[in-house]
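K.L.:
Please work out how this folds:
(one chain, ligands or ions: 1)
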Amino acid sequence: MRLAAWPPLIVLVLASLLTFAVSDPAAAEDGYELWLRYRPVEEGAVRPYRAAATGLLPAGDTPTIRAVTTELARGLSGLTGRAVGIVERPGAGTIVYGTPASSPLIAGLDLPLEGLGEEGYLIRSVRLEGRTVTVIAANRDIGVLYGAFDLLRRIQTRQPVADLDLRSAPAVKLRLLNHWDNLDRTVERGYAGQSIWDWHRLPDFTPRLYTDYARANASIGINGAVLNNVNTNALSLTAPYIAKAAALADVFRPWGIRVYLSVRFSAPMEIGGLPTADPLDPRVREWWTAKADEVYAAIPDFGGFLVKANSEGQPGPQDYGRSHADGANMLAEALAPHGGVVMWRAFVYSHENPEDRHKQAGAEFEPLDGRFLPNVIVQVKNGAIDFQPREPFHPLFGAMSKTPLMMEFQITKEYLGFATHLAYLGPLYEEVLQSDTHRPGRGSSVARIVDGRAFGHALTGMAGVANIGSDRNWSGSHFDQANWYVFGRMAWDPEGTRARPIAGEWARMTFSNDARFVEPVVAMMMGSREAVVDYMTPLGLHHLMATGHHYGPGPWVSDLSRPEWNPVYYHRADAQGIGFDRTESGSNAVAQYAPEVAAGFADLSRVDERYLLWFHHLPWDHRMRSGRTLWDEMVLTYDRGVTTVGGMRGTWASMQPYVDDQRFDEVSAFLSIQQKEARWWRDASVAYFRTLSSRPLPAGSPEPEHSLDHYRALSFPEAPGN
Ligand code: BDP
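P.N.:
Predicted coordinates:
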């Protein structure tokens with residue numbers, strides 16, 4: 001087919017691609033392309049891919065199908081080093097894609113599309129008019145797009161693409177990023193620059209960046225974005241901001257990304273002029289109904305509202321003596337006629353409540369089970385405290401059988417060293433999702449609660465607090481892109497997805513397919529989060545970070561107004577011992593779990609020592625399974641964390657031959673920051689805890705570099721994300 005007959009966009013894309021079809025490992029890369037780099041397959045391996053991707057035969061001409069065509073042309077041309085464009089008839093190696101509704105060709109193949117739902121897809125090698133072609137088929141266009149990204153990923157990771165017969169459909173319905181982005185472009189807990197939403201220049205200016213954002217998300221199956229911070233500003237619901245959100249929704253739509261907004265419960269007062277926001281007041285209810293109508297008039301496929309209410313000073317229904325269910329249901333009624341959902345967060349705790357913070361969300365929400373309208377889903381953080389480097393799964397998972405619960409993970413690393421520390425979060429997500437809640441019975445993993453199978457819910461979801469900002473590499477560091485990536489891949493199939501293969505896939509696409517690169521780097525990634533746990537919060541310790549910004553250690557902090565804001569509240573260390581007794585003799589938070597799970601945590605002879613001090617207060621000389629005392633083990637675990645980071649630096653240093661200079665240097669620099677800060681965490685923590693334990697450091701363990709006073713005096717008033 002003549003080039004001139006191709007849609008101009010494709011010609012443009014191809015032209016730009018072919019200019020750098022030859023890859024040069026030394027050439028600078030800034031990370032903007034993420035895992036969608038599409039660099040040429042090695043000469044020795046490219047033949048089968050060329051044979052399987054000779055031309056494109058789209059069916060239908062919707063914006064999504066056009067996006068598929070652009071993506072396949074770009075990806076396949078880049079990967080095979082040959083221009084792959086639209087053809088008019090199927091030939092050997094043509095890729096045929098569309099829905100049965102849009103294509104008689106695909107309808108004629110009579111493919112088993114039932115059970116794939118609206119977003120699933122099927123990829124098959126079939127004979128068509130005597131030629132072998134690859135078909136990507138789905139019930140809806142968006143499924144075709146997901147299938148196209150799957151096919152590209154197979155080539156990017158050098159898997160075979162002949163004789164394909166595969167199908168995939170998401171196990172979870174809402175797969176969302178939560179942006180904690182403010183209207184002034186600051187990002188709460190953001191470490192990647194400013195917000196990418198340039199509210200001031202919206203709606204008229206929608207840079208290419210927004211399309212690339214949607215495209216990257218679609219490539220990993222993410223299908224929605226909550227644009228604004230949960231600590232929200234009522235202005236987001238005014239007409240000018242609705243128009244801005246609508247402009248983003250227009251850009252995102254072809255990529256299957258719906259827009260959602262965080263809403264402020266008191267908005268009817270702040271922007272609606274009402275004297276109250278009481279959810280049972282008819283004026284308030286009317287206001288929300290009208291507001292929902294207004295939003296849907298501008299954004300017909302708007303997803304719904306996310307709400308943080310009566311938590312950390314946010315307004316909510318309890319301000320009027322009403323319950324969380326009253327508040328959520330009022331919003332749900334306003335959204336229901338339009339098909340919208342309410343995601344009501346369970347992250348609540350109160351300083352007036354002397355109860356263990358661990359127990360407060362459960363106490364608040366469990367009694368409301370069954371009282372929420374069907375379009376309400378309760379959004380629960382992975383653990384009961386707050387996105388710590390390691391937390392046991394949140395006891396609400398499994399405890400509310402009549403209410404759909406969605407998972408909230410943090411992708412941004414508020415508590416894991418910001419963007420500078422390399423910590424791959426796949427193992428954290430996997431550990432939580434694979435935990436057995438024993439509800440309704442054995443084998444009910446958190447993943448099965450989240451995907452709805454445990455209790456038979458159709459409304460399901462998984463949210464990740466985004467780590468995206470205006471930095472050229474999106475996430476603030478190259479390796480933090482992997483956390484965005486793995487979040488999306490796990491949200492597609494929480495039960496079946498594992499962290500290790502996803503790390504491999506990401507490393508191949510983002511850097512190199514060379515086994516000498518992939519193996520050590522995957523091993524480094526897989527151990528990286530554990531290293532952070534070791535040097536920050538070993539053996540179940542938690543929330544020991546410095547005040548406010550959470551940058552660096554602050555285990556000594558005891559002067560904050562709310563008891564549960566102080567690290568000393570969590571570690572409870574004194575001359576006798578350390579740890580939070582959450583067994584029957586203490587707060588009894590273990591009782592919030594199913595009896596089997598509770599026993600596993602409460603019984604000292606059974607508890608996984610990685611959770612030891614989360615659930616137990618123990619004497620410094622408590623005998624660990626290693627035979628060492630608790631004190632010695634704790635110090636040695638801190639040490640191990642620091643040592644691991646040293647090893648990571650070494651690993652990375654030997655990766656230079658496989659990585660472009662720019663990214664190599666940036667990762668190296670961050671690893672050296674991480675090593676310095678790991679040492680700081682370890683030294684400061686050991687210097688502090690030894691004043692309580694009054695025990696010597698175990699043999700071979702180095703003296704902290706500075707005095708405790710030195711660490712206590714450090715201050716970082718301008719640390720980011722606060
Ligand atoms: C904590 C963050 C805070 C958030 C809060 C939340 O420190 O910035 O507003 O969670 O999730 O982790 O609402």
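
K.L.:
Quick check: residues of the protein near the ligand?
P.N.:
Proximity of the chain to the ligand (C-beta under 6 Å from any ligand atom) is limited to residues 188-189, 230-231, 308, 312, 347, 386-387, 414. Where C-beta positions appear, they are placed from N, C-alpha and C, glycine not excepted.

K.L.:
cutoff 8 Å now
P.N.:
180, 188-189, 229-231, 308, 311-312, 314, 345, 347, 381, 386-387, 408, 410, 414-415, 465, 550, 721-722 (C-beta under 8 Å from any ligand atom).

K.L.:
And those, which of them are buried?
P.N.:
180, 188-189, 229-230, 308, 311, 314, 345, 347, 381, 386-387, 408, 410, 414-415, 465, 550, 721 (16 or more other C-beta atoms under 10 Å).

K.L.:
just to revisit the earlier point, from the residues of the chain next to the ligand, which land in strands?
P.N.:
345, 381, 408, 410, 465 (DSSP state E).

K.L.:
State the pair within these that is farthest apart.
P.N.:
345 and 410 (12.9 Å; C-beta to C-beta).

K.L.:
Show me what residue of the stretch 351-500 of the chain gets nearest to the ligand.
P.N.:
Of all residues in the stretch 351-500 of the chain, residue 386 sits closest to the ligand, at 4.5 Å by C-beta to the nearest ligand atom.

K.L.:
contacting residues around that residue?
P.N.:
347, 415, 543 (C-beta atoms under 8 Å, 6 or more residues apart in numbering).

K.L.:
could I get those residues as JSON lines with pLDDT?
P.N.:
What follows is the contacts of residue 386, written out as JSON lines (pLDDT from 0 to 100):
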{"residue": "347", "pLDDT": "97"}
{"residue": "415", "pLDDT": "98"}
{"residue": "543", "pLDDT": "97"}
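
K.L.:
From residue 348, how far off is residue 335?
P.N.:
22 Å (C-beta to C-beta, to the nearest Å).

K.L.:
same deal with residue 327?
P.N.:
Distance from residue 327 to residue 348, by C-beta to C-beta: 12 Å.

K.L.:
got it, and residue 690?
P.N.:
Taking C-beta to C-beta, one finds residue 690 at 36 Å from residue 348.

K.L.:
more neighbours, these two?
P.N.:
residue 348 (21 against 16; other C-beta atoms under 10 Å).

K.L.:
Could you pull out the strands in the stretch 51-200 of the chain for me?
P.N.:
For the stretch 51-200 of the chain, applying DSSP state E, counting those that start in this stretch gives strands covering 55-58, 94-98, 121-128, 131-137, 165-168, 174-178.

K.L.:
sorry, back to before: got any residues that touch both of residue 327 and residue 348?
P.N.:
residue 309.

K.L.:
check contacts around the nearest residue to residue 30 once chain neighbours are set aside.
P.N.:
Excluding the flanking residues, the one nearest residue 30 by C-beta to C-beta, 6 or more residues apart in numbering is residue 472, at 4.9 Å. Shown in contact with residue 472 (C-beta under 8 Å, 6+ apart): 30-32.

K.L.:
And what about residue 479, helix, strand or coil?
P.N.:
coil (DSSP: H, G, I helix; E, B strand; the rest coil).

K.L.:
Where does the nearest residue to it once chain neighbours are set aside sit, in terms of helix or strand?
P.N.:
Excluding the flanking residues, the one nearest residue 479 by C-beta to C-beta, 6+ apart is residue 422, at 4.7 Å. Using DSSP states H and E, residue 422 maps to neither a helix nor a strand.

K.L.:
Next, the distance between the ends of stretch 701-708.
P.N.:
With C-alpha to C-alpha, to the nearest Å as the measure, the first residue of stretch 701-708 is 17 Å from its last.

K.L.:
got the contact list for that stretch?
P.N.:
Contacts of stretch 701-708 (C-beta under 8 Å, 6+ apart): 556, 635-636, 639, 679, 682-684, 686-688, 691, 697, 711.

K.L.:
can you check stretch 96-104 too?
P.N.:
Residues contacting stretch 96-104 (C-beta under 8 Å, 6+ apart): 56-60, 62, 65, 68, 72, 90, 105-107, 111, 113, 128, 133-141, 143-144, 147-148.

K.L.:
so how far is residue 513 from the spatially most central residue of the chain?
P.N.:
Geometric centre of the chain, nearest residue: residue 464, 3.4 Å, by C-alpha atoms, centre = their mean. Distance from residue 464 to residue 513, counting by C-beta to C-beta: 27 Å.

K.L.:
looking at this, residue 686 is in a strand?
P.N.:
No. Under three-state DSSP, residue 686 falls outside any strand and is assigned helix.

K.L.:
okay, now it: neighbour count?
P.N.:
22.

K.L.:
show me the contacts for it.
P.N.:
635, 638, 697, 701, 704.

K.L.:
can you tell me how far the last one sits from residue 683?
P.N.:
Think residue 704. Taking C-beta to C-beta, one finds residue 704 at 4 Å from residue 683.

K.L.:
Now list whatever residues contact both of these two.
P.N.:
The contact lists of residue 704 and residue 683 share residue 711, where a contact means C-beta under 8 Å, 6+ apart.

K.L.:
if you count what's nearby, which of these two comes out ahead?
P.N.:
residue 683 (23 against 20).

K.L.:
Quick check: can you list the domain ranges of the chain?
P.N.:
3-168, 174-510, 534-580+617-713 (automatic domain parsing).

K.L.:
Deepest-packed of those domains, please.
P.N.:
domain 174-510 (a mean of 21; mean count of other C-beta atoms under 10 Å).

K.L.:
for that one, how far is the first residue from the last?
P.N.:
Start-to-end, domain 174-510 (C-alpha to C-alpha) is 26 Å.

K.L.:
Where do the strands of the stretch 251-400 of the chain begin and end?
P.N.:
So, for the stretch 251-400 of the chain - with DSSP E, counting those that start in this stretch - the strands run 258-262, 304-307, 341-345, 376-381.
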